[in-house]
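Visitor: I'd like to go over a predicted model; first the sequence, then the structure.
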Amino acid sequence: MESLIQQKGNVIHPSVKAYKNAVKQLYSDWEFFADIHLHSTRSDGLLSPEEIIKLSWKNNFYVAITDHNSIIPSSGLSKQHKERLIPAIEILCKDGVEFLAYFHSIRDLNTCFKKYLKPKISFIFKTSIEANWLISKLQKYNAVITVPHPYCPYDQFRENFIRYFAKKKLYRESIGSISNIEVFNASHNRQINDKCLEVAAHLKKGICAGSDAHTKNTLGSVLTYCNASSKEKFLEQFTKGNTLFIGTPTPKIKNVLPALKILSVYTKYFFMRN
Ligand SMILES: [Fe+2]
């Protein structure tokens, strides 16, 4: 089991079966598990937020639904549902670079979204948000900021974090505010993930991982865990670099449905505009 745990640069790609067995064993020793990078129907995912939360209850892990430039209307969530949810969002900047932000309360996320982000979002994949400006606004809420898939191979048509960083577009203070770099994204291959690990080491940042789940069968395929008695304690451990993660890569075939969904979202947007 030890060899399946990815930590401190030890990138391991276990099989799905080995992953499930390892997680089962881990559950008895650790307290807090969370899938911290995933998408619902609020952006390009295939499960509704309610379905995701129900599944997370059933499987005993927390979820940060990090929809693209979109948040879940909290009025539709029960108290029990809110309990399972780490308030979060994935924000796309105008140049194409993306950030994940985790908030300490749903109210903070809602306020930040309505006040600063919403006016600059024209579509879930199009914003006029500038990266340094964004980070300064997230800091006002003490949000935990991470960089998802810094070396995204699908970013041929837009910027990824590595190129953006190399162009020296990020202020020193902005870089300082980034807590962790995603070094294991389930939809990327090992070569790509290893490059992300190099970036994290270069920037001397903590590492994190995400399932980037868009479907039921990839939800929870990467879990971040630590001993924490609450979401707040979890975020504290996370920023201190005290969390571990375990995950299994998404087989390429399982990326087909999400790709079709993204295409349908773009098509809908195109026809809405014209
Ligand atoms: Fe994502």
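Guide: Noted; the coordinates are in hand.
Visitor: The residue in the stretch 1-150 of the chain positioned nearest to the ion pairs with what?
Guide: Proximity of the stretch 1-150 of the chain to the ion (C-beta to the ion) peaks at residue 90, 4.9 Å away. C-betas here are computed from N, CA, C, even on glycine. When bridges are taken as DSSP bridges, the partners of residue 90 come out as residue 68, residue 100.
Visitor: who in the chain is up against the ion?
Guide: When proximity is defined as C-beta under 5 Å from the ion, the chain approaches the ion at 90, 212.
Visitor: Could you list the low-confidence segments of the chain?
Guide: Judged against pLDDT under 70, the low-scoring parts of the chain cover residues 1-17, 20, 153-158, 252-255, 258, 261-262, 265-266, 268-274.
Visitor: try it again with 50
Guide: Regions of the chain meeting the criterion pLDDT under 50 cover residues 1-13.
Visitor: the helices in it, which residues?
Guide: Secondary structure of the chain, counting by DSSP state H: helices at 16-29, 49-58, 79-84, 106-112, 131-140, 161-166, 172-177, 190-203, 231-239, 256-273.
Visitor: contact partners of the fifth one?
Guide: The set of residues that contact helix 131-140 without belonging to it, under C-beta atoms under 8 Å, 6 or more residues apart in numbering, is 91, 93, 95, 97, 99, 101, 112, 116-117, 145, 164, 169-171, 173-174, 177-178.
Visitor: Buried residues in it, which are they?
Guide: Neighbour-count burial for helix 131-140 flags 131, 134-135, 137-138 (criterion: 16 or more other C-beta atoms under 10 Å).
Visitor: for the third one, same thing?
Guide: Using 16+ other C-beta under 10 Å as the test for burial, helix 79-84 gives 81, 84.
Visitor: The chain should start at 59 in everything you say after this.
Guide: Happy to do that; since the first residue is 59 now, the last one works out to helix 137-142.
Visitor: Could you list every helix and strand that that helix packs against?
Guide: Here helix 137-142 is seen to pack against helix 107-116 when contacts are counted using 3 or more C-beta pairs under 8 Å, 6 or more residues apart in numbering; DSSP states H and E.
Visitor: Can you redo the helices of the chain as a markdown table, where the extra columns are distance to residue 130?
Guide: Rendered in a markdown table, the data for the helices of the chain read as follows (distance: least, C-beta to C-beta, whole Å):
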| stretch | distance to residue 130 |
| --- | --- |
| helix 74-87 | 26 |
| helix 107-116 | 5 |
| helix 137-142 | 9 |
| helix 164-170 | 9 |
| helix 189-198 | 18 |
| helix 219-224 | 25 |
| helix 230-235 | 25 |
| helix 248-261 | 27 |
| helix 289-297 | 15 |
| helix 314-331 | 17 |
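Visitor: May I have the beta-bridge partners of residue 264?
Guide: Beta-bridge pairing of residue 264 under DSSP bridges involves residue 238.
Visitor: should've said residue 120
Guide: Under DSSP bridges, the beta-bridge partners of residue 120 are residue 92.
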